[in-house]
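In: turn this into a structure:
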Amino acid sequence: MRSPPSKEARSNGAKPFALLRKEMVERSIAARGVRDELVLEAMRKVPRELFLPAALREFAYEDSPLPIAGEQTISQPYIVGFMVEALTLKGGEKVLEIGAGSGYAAAVLSEIAATVYTVERLGQLAEKAAATLADLGYSNVHVLHGDGTKGWPEHAPYDAIVVAAGGPEVPESLKKQLKIGGRLVIPVGADQRSQELVRVIRISDTEYRSEDIADVRFVPLIGEEGWAAARQREARGRAPPRRPVAPGDEALVRNLADAAESFPSIEGADLDPLLARIGPARVVLLGEATHGTSEFYRMRERITRELIVKKGFRFVAIEADWPDAARVDHYVRHFQYPPSEWTAFARFPTWMWRNTEVREFVSWLRKHNGTVARDRRVAFHGLDLYSLYDSIRSVLNYLDEVDPVSARVARERYGCLTPWQRDPATYGHAALTGSYPTCESDVVRALGDLLAKRRAYAEHDGERFLDAEQNARLVANAERYYRIMYYGSRASWNLRDGHMFETLKNLLAFHGPDSKAVVWAHNSHVGNAAATEMALRGEHNIGQLCRKEFGDLAYLVGFGTHGGTVAAASEWGGPMEVKQVQPALANSYEQLCHATGHARFMLGLRGRGDLCGPKGLGRERLERAIGVIYRPETERESHYFQANLPGQFDEYIWFDDTRAVTPLDTAEIKGLPDTYPFGV
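Out: Residues are numbered from 1 along each chain as shown. Reported below is the predicted structural model:
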């Protein structure tokens, strides 16, 4: 067909899109093995940038999938080219596409085929794709809003069918709509995390030949002959095998297994029941039983994405230092942030946030924010207080710009801490022994000076004042933290979690009365401490403070595992090791979950008196916690504590077998922009 009129633009004042498109086809498609000249020429013609939200057009010719409406994606250009080539089109065919998405792949197909019929299950995407294709002159493409697994029988048979979503099997309806000799290309796999790209050729009325082409990963194929039906069949199947359990707990394990909502994979999990239980909650706290388990990070990401897209959550707050998270925040919200001599999450334990799992979420969040208005972009903040050195520097840099006179005063006051900024724990010891005067009055006065000028500073730039205020507050609390840490764990623990809670409240106030927050932190921080042995030691945590402040509008989610591997160190400051997680101990919640036989499940605990009473999960048991240090040789003493799980959490998410997070290798971040938060 005739190509649409040229609408070339420039990306950030760089190369024209036409040149970027040509380079992408040569570099990312032809160079990777797509040889069909009809396919290559079609992809040279179709303006991918016009199928994207305006804020994402700068990424149009990167070889990667990108987010569009409805939590869907526009496919990676190489995959589009690869799948179209697999259809072996010669020109002039009638083609059916399942999963119109943005309409981009249909446009590529239309440059070769005579007619393209494309089906999209999401109405908003179908309407947008139809409008874009019409505006660009693709008159031989027809869009239907419907169940793609049923095809479009009114126009069958088709010379070729391509499916842009992964199903558990090839839908029979699509096979029947192929011409004899026709080709069907579809991702198929029992695990929604990965599929095999399959080409099916119809040999006769009843015979089909199938061949595997490549390993791929697509969004799930939802519909009557897709994953919805597969989940129904699974629900009708046999109960999972149960494992041995302590005498007297057999009935509890049966009840737990029946109540648990098993799911096939993280990407394949149906989160709608969880979202319904979360309801109108303003704060959702997502925990982790270790600081180094991939499944915990990936499931938190999946839940957070749903909360952002479906419930309008405004920011993510993590158990990490404020300045480090601020670098990520500027990156994901597309704010200007100059290159710096320091990079985010560079201190021990680096693997806790500098890992591939977090990188995937950061990339998704930046792309998501590119699809919404600036004032609706989702923020990324840190709650912790260890960044004494970086926070002092941030406050002084801010004051140097907005108020040089106050900057000179602040330098004098922070000068008390200057000798200790690289090793603040040493300051705490020196102040405690009396060999060095405390700096408390100086740092508190520096914070007071800043707050006294709140109105003038905030009017200048509210976002930057928030950053400066939080850093000044952090310095004041960190000074006190390092002094009292030598008195024992209770005072320092309570100060740290109190600081995190106050930071969370400040952020909710800053982002507005309707703002909602997702918190990522360890189970020991997000679970209600009042339901654990922490209460006996006089300790509280952010989960308990949120429960007291927000009541049922705080939803606390814990995570657990039985075995596998974890990223951890053997001592503070030591190297990261991948360690084997010991099997759960007897009389622990982990042993009960393991005994159900479920590989993974979600369990709502709020209001479940039948399961969560004193004769059930409400009876106090052991619970495991692994931080950045793991010592399997002292498993019971170092990593277990007494808890009442239903009092601690509103929801519990279980992964029976887990794997360690993957730390970011330096080679993986070379060549990225100077403003990329993780740096080299």
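
In: count the neighbours of residue 121 for me.
Out: By the criterion of other Cβ atoms under 10 Å, residue 121 has 22 neighbours. C-betas here are computed from N, CA, C, even on glycine.

In: against residue 518, how distant is it?
Out: Counting by Cβ to Cβ, to the nearest Å, the separation of residue 121 from residue 518 is 27 Å.

In: now residue 101
Out: 27 Å.

In: the two: which is more packed in?
Out: Comparing residue 101 with residue 518 by neighbour count (other Cβ under 10 Å), the higher total belongs to residue 101, at 27 against 24.

In: that one should be in a helix, yeah?
Out: No - using DSSP: H, G, I helix; E, B strand; the rest coil, the secondary structure at residue 101 is coil, not a helix.

In: residue numbering should commence at 851 henceforth.
Out: Yep, numbering from 851; the last one is residue 951 now.

In: what's the spacing between residue 936 and residue 922?
Out: 22 Å.

In: with residue 1057 instead?
Out: Per Cβ to Cβ, residue 1057 is found 34 Å from residue 922.

In: so which of these two has more stuff around it?
Out: Set residue 1057 next to residue 922 and count neighbours by other Cβ under 10 Å: residue 922 wins out with 21 against 9.

In: flag every buried residue along the helix or strand residue 1502 falls within.
Out: In this structure, residue 1502 sits in strand 1501-1508 according to DSSP states H and E. By neighbour count with 16 or more other Cβ atoms under 10 Å, strand 1501-1508 contains the buried residues 1501-1506, 1508.

In: please apply the same query to stretch 1014-1027.
Out: Within stretch 1014-1027, judged by 16+ other Cβ under 10 Å, the buried ones are 1014-1018, 1020-1021, 1023-1025, 1027.

In: now do stretch 1400-1418
Out: In stretch 1400-1418, counting by 16+ other Cβ under 10 Å, buried: 1404-1418.

In: likewise stretch 1248-1259?
Out: Neighbour-count burial for stretch 1248-1259 [16+ other Cβ under 10 Å]: 1248-1249, 1252-1253, 1256-1257.

In: what's the neighbour count on residue 1398?
Out: Neighbours of residue 1398 (other Cβ under 10 Å): 13.

In: my error: substitute residue 1447 in the last question.
Out: 16.

In: contacting residues around the strand holding residue 1502?
Out: Identification of contacts with strand 1501-1508 by Cβ atoms under 8 Å, 6 or more residues apart in numbering yields 1110, 1124, 1127, 1143-1146, 1149, 1405-1416, 1431, 1443-1444, 1448-1456, 1495.

In: quick one: mean pLDDT over stretch 1146-1163.
Out: For stretch 1146-1163, mean pLDDT rounds to 96.

In: show me the contact partners of that stretch.
Out: Against stretch 1146-1163 from outside (Cβ under 8 Å, 6+ apart): 921, 1116-1117, 1119, 1121, 1124-1125, 1128, 1134, 1136-1140, 1166, 1205, 1207-1208, 1210-1211, 1214, 1218, 1228, 1366-1368, 1370, 1407, 1409, 1411, 1503, 1505, 1508, 1511.

In: could you identify the buried members of those?
Out: Taking 16+ other Cβ under 10 Å as the criterion, what is buried in those is 1116-1117, 1119, 1121, 1124-1125, 1128, 1134, 1136-1140, 1166, 1205, 1207-1208, 1211, 1214, 1218, 1228, 1366-1368, 1370, 1407, 1409, 1411, 1503, 1505, 1508, 1511.

In: can you give me the helices in the stretch 1101-1250 of the chain?
Out: Along the stretch 1101-1250 of the chain, the segments classed as helices by DSSP state H, counting those that start in this stretch run 1122-1128, 1144-1161, 1172-1182, 1206-1219, 1238-1252.

In: TSV for the ones you listed, including distance to residue 1426?
Out: Formatted as TSV, the helices of the stretch 1101-1250 of the chain follow (distance: least, Cβ to Cβ, whole Å):
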stretch	distance to residue 1426
helix 1122-1128	31
helix 1144-1161	14
helix 1172-1182	18
helix 1206-1219	14
helix 1238-1252	22
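
In: figure out which of these is closest to residue 1436.
Out: Closest approach to residue 1436 among those (Cβ to Cβ): helix 1144-1161, 23.7 Å.

In: how distant is the closest one from the center of its chain?
Out: 5 Å (Cα atoms, centre = their mean, to the nearest Å).

In: then stretch 1015-1035?
Out: Relative to the chain's own centre, stretch 1015-1035 is displaced by 33 Å; criterion: Cα atoms, centre = their mean.

In: just the mean pLDDT for that stretch, thanks.
Out: 94.

In: quick check: phi and psi on residue 932?
Out: Here is the backbone geometry of residue 932 (degrees, to the nearest 10): phi -60, psi -40.

In: which strand runs longest in the chain?
Out: strand 1404-1418 (DSSP state E).

In: average pLDDT across that one?
Out: For strand 1404-1418, the mean per-residue pLDDT is 96.

In: which elements pack onto that strand?
Out: Secondary-structure packing of strand 1404-1418 (3 or more Cβ pairs under 8 Å, 6 or more residues apart in numbering; DSSP states H and E): strand 1133-1136, helix 1144-1161, helix 1373-1376, helix 1392-1400, strand 1427-1431, helix 1439-1445, helix 1495-1498, strand 1501-1508.

In: residue 954 and residue 1253, how far apart?
Out: Counting by Cβ to Cβ, the separation of residue 954 from residue 1253 is 50 Å.
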